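> sharing a model that was predicted from the sequence below.
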Amino acid sequence: MTAFSDDELTRNGFLGGRVQLWQPSKGYRAGVDPVLLAAAVPARAGEAVLELGCGAGQALLCLGCRVPGLSLAGVELQAAYADLARRNAQANSQDAEVFEADLSALPEPLKQRQFHHVIANPPYYKAGAHSQARDDGRKVALGEGTPLADWIAAAARRLVPKGYLHMIQRADRLPDILAGCASVLGSVEVLPLAPRQARAAELVILRARKGGRADFRLHAPLILHEGSRHERDGESYRPEIRAILRDGSALPWPG
């Protein structure tokens, strides 16, 4: 993929405008998912964070905004998005090193490093399970090219002992996630994200620890919107979700 031209991009605000990101006007555009992922990470100043498949840098830079003083790095397969992530980091005065690479062939400088946290928002659909879109000659892959187990294994290799992986994914991919964690990560916790009360969870956030030994925990769903159904135009996020999306608050992870 060639680099995006300026007329192919829009600039959008996240965290109430605290983070300003250039992203393609067509094709994949970040929504709330990477913001929720970033909010779930209990990172502290001085720690190192790696995002696998960082795209234009949405999750990585939202986390860096919420927790100043992190050492940030990202890996992105597509050159145009890797360039965009670097541009976004500079535009937001954040120091993030972005590597253009495949997860299965990380560059040596990155393979020599370990991180306190790895985050990932992999493609939501299995290969062949969803059609691909085409925009002005650009093919936007909605299906995964790398199995979830490989994402998890790559994350485990880059984590320090007791380091954490956080991943957001579709709820129906949970069996694949748990299978991928089985031999490489422990202390697995799953937080379902449900759109409304009494509605099934559509997404989950995984938290898993390298060398963790705690029992598996499936938490009660985090409800995103007020009410049991959509009744009016406009925003209907619950106060704690609005605080994440607009104020840059941490996600209230269950104790």
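Great, that's in hand. Numbers count the residues shown, from 1 in each chain.
> what about residue 106, distance to residue 76?
Computed with C-beta to C-beta, to the nearest Å, the distance linking residue 106 and residue 76 is 12 Å. In this view, the C-beta of every residue, glycine as well, is placed from N, C-alpha and C.
> common neighbours of the two, please.
Common neighbours of residue 106 and residue 76, using C-beta atoms under 8 Å, 6 or more residues apart in numbering, are residue 99.
> comparing the two, which shows the higher neighbour count?
Each of residue 106 and residue 76 has its neighbours counted (other C-beta atoms under 10 Å); residue 76 has more, 24 against 19.
> measure that one to residue 50 for me?
Applying C-beta to C-beta to residue 76 and residue 50 gives a distance of 12 Å.
> list residues touching both of these two?
The contact sets of residue 76 and residue 50 do not overlap (C-beta under 8 Å, 6+ apart).
> residues near residue 226, how many?
Residue 226 is flanked by 15 other residues according to other C-beta under 10 Å.
> tell me who's in contact with it.
Counting by C-beta under 8 Å, 6+ apart, residue 226 touches 196, 236, 237, 238.
> hang on, isn't residue 61 packed against residue 95?
No - the criterion here is C-beta atoms under 8 Å, and residue 61 misses it with residue 95 at 10.8 Å.
> who has more neighbours, these two?
Neighbour comparison, residue 61 and residue 95: the larger count goes to residue 61, with 29 against 11 (by other C-beta under 10 Å).
> now do whichever strand or helix holds that one, average pLDDT.
Residue 61 is part of helix 58-66, with elements assigned from DSSP states H and E. What helix 58-66 shows for mean pLDDT is 98.
> check which helices and strands that helix sits against.
Packed against helix 58-66 by the contact rule (3 or more C-beta pairs under 8 Å, 6 or more residues apart in numbering; DSSP states H and E) you find strand 19-24, helix 33-39, strand 48-52, strand 71-76, helix 79-91, strand 96-100, strand 115-120.
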